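*Asks:* structural data only, the sequence is not supplied:
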């Protein structure tokens, strides 16, 4: 983990989800207990007001060096603007500048929530003296997201939008017959994409097809050896394994971590994924890659957001004094 005590950093991390906002402080004392509250989704203004109030509450009477925010959105990293957003009302909102202005000029850094979760996972073993330098994170929840860490930093691509891991194509549904030999849906996820086949929604669908209520029940009965739940998880795990194999072939990372709500299935999900990985990764590639369930836990988003703020602040021009958030 970034050693905040060595440089006197006090950082606020914010994890914005479709249902909840989590805020915590990272300092030399470690990560504070996150404060959780339901996400305001009625308007952009309401959500901005909520974020400002939550950050001020976390700050208390002490100054902070920077604020990091993870959002479930496509982010223009250089501009700090949310380019597209489905579950929260931040489409086209210049989030970095809006929050910085409302918080009295405190540096604010905005990134995709799965990317900051990946940064937290890269620091999961920091207490033991190891920070992973190359990592691919898969967040398998209602949808599928992901983050990539290269040389210890978040990889964002040319515009800041990378990586949209859930939308990689992993199955033949993407090649159905059409006028030009290819299928194309107007809406995403596309047929044959990782999100369409390996998400929580996909597990729910497979569970219902087998007479179960949903994915949660599939996991529960699979733990008791029920073949219906085991088969549903095997299929999801297979498709996830195709995505992991692609990630290993592209990046040859030290670690591939699988997080998100569906990862609670543990080895019931991971083992079929690993079987597929072994079949589809080119021999000689990924020989040092560890594929594991994520270790950073439920606080990955808020911790990663705080780590992002500290890392980016250190790479830029550090203020001579910390800044107080104006009331």
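*Replies:* The structure has been received and is ready for your questions. The model shown is predicted, which means the values in this text are computed figures rather than measured ones. Residues are numbered from 1 along each chain as shown.

*Asks:* and the nearest residue to residue 19 once chain neighbours are set aside, how many residues sit next to it?
*Replies:* The shortest distance from residue 19 to any non-neighbouring residue, by Cβ to Cβ, 6 or more residues apart in numbering, is to residue 39 (5.8 Å). In short, each C-beta sits where N, CA and C put it, glycine included. By other Cβ atoms under 10 Å, the residues close to residue 39 number 19.

*Asks:* again, but for residue 157
*Replies:* 11.

*Asks:* residue 213 too?
*Replies:* Residues near residue 213, counting by other Cβ under 10 Å: 12.

*Asks:* so it sits in a helix?
*Replies:* No. Assignment of residue 213 by DSSP: H, G, I helix; E, B strand; the rest coil gives coil, placing it outside any helix.

*Asks:* chain neighbours aside, what residue packs nearest to it?
*Replies:* residue 207 (6.9 Å).

*Asks:* what's that neighbour in contact with, if anything?
*Replies:* 213, 214, 215, 217, 218, 228, 229, 232 (Cβ atoms under 8 Å, 6 or more residues apart in numbering).

*Asks:* got it, and residue 246?
*Replies:* Residue 246 touches 168, 170, counting by Cβ under 8 Å, 6+ apart.

*Asks:* residue 133 reaches residue 149, doesn't it?
*Replies:* Yes. Using Cβ atoms under 8 Å, residue 133 makes contact with residue 149 at a distance of 7.4 Å.

*Asks:* got a markdown table for the contacts of residue 207, with distance to residue 284 and pLDDT too?
*Replies:* Conversion of those to a markdown table gives the following (distance: Cβ to Cβ, whole Å; pLDDT from 0 to 100):
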| residue | distance to residue 284 | pLDDT |
| --- | --- | --- |
| 213 | 44 | 97 |
| 214 | 41 | 96 |
| 215 | 36 | 96 |
| 217 | 41 | 97 |
| 218 | 36 | 98 |
| 228 | 38 | 97 |
| 229 | 36 | 97 |
| 232 | 33 | 98 |
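
*Asks:* mind giving me the PyMOL command for buried ones among those residues?
*Replies:* Restricted to buried positions by 16 or more other Cβ atoms under 10 Å, the PyMOL selection for the contacts of residue 207 reads:
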select buried, resi 215+217+218+228+229+232
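
*Asks:* from the contacts of residue 207, pick the one nearest residue 104.
*Replies:* residue 215 (44.2 Å; Cβ to Cβ).

*Asks:* element containing residue 118, please.
*Replies:* helix 113-122 (DSSP states H and E).

*Asks:* name the helices or strands packed onto that helix?
*Replies:* strand 11-16, strand 66-71, strand 134-140, strand 144-150, strand 153-154, strand 255-259, helix 300-315 (3 or more Cβ pairs under 8 Å, 6 or more residues apart in numbering; DSSP states H and E).

*Asks:* export those as TSV, with columns for distance to residue 122, mean pLDDT and mean neighbour count.
*Replies:* Below are the helices and strands packed on helix 113-122 laid out as TSV (distance: least, Cβ to Cβ, whole Å; pLDDT from 0 to 100; neighbours: other Cβ atoms under 10 Å):
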stretch	distance to residue 122	mean pLDDT	mean neighbour count
strand 11-16	15	96	29
strand 66-71	14	96	29
strand 134-140	5	95	28
strand 144-150	5	93	26
strand 153-154	9	91	20
strand 255-259	8	96	26
helix 300-315	9	92	25
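
*Asks:* quick one, which of these gets closest to residue 289.
*Replies:* Ranked by Cβ to Cβ, the member of the helices and strands packed on helix 113-122 that lies closest to residue 289 is strand 255-259, at 6.1 Å.

*Asks:* for the closest one, which strands pair with it and how are they oriented?
*Replies:* Strand 255-259 has its sheet partners listed here by DSSP bridges as strand 134-140 (parallel), strand 290-293 (parallel).

*Asks:* got the angle between the helix or strand following that strand and strand 255-259?
*Replies:* Moving toward the C-terminus from strand 255-259, the next helix or strand (DSSP H and E) is helix 267-280. Angle, helix 267-280 to strand 255-259, by axes from the mean of the first three to the mean of the last three Cα atoms, to 10 degrees: 140 degrees.

*Asks:* show residues contacting helix 267-280.
*Replies:* Residues contacting helix 267-280 (Cβ under 8 Å, 6+ apart): 140, 219, 222-223, 229-230, 233-234, 236-238, 240-242, 244-245, 248, 258, 262-263, 286, 291-293.

*Asks:* quick revisit: please enumerate the shared neighbours of residue 133 and residue 149.
*Replies:* With Cβ under 8 Å, 6+ apart as the test, residue 133 and residue 149 both reach residue 122.

*Asks:* low pLDDT regions in this structure?
*Replies:* 1-8, 172-189, 317-327 (pLDDT under 70).
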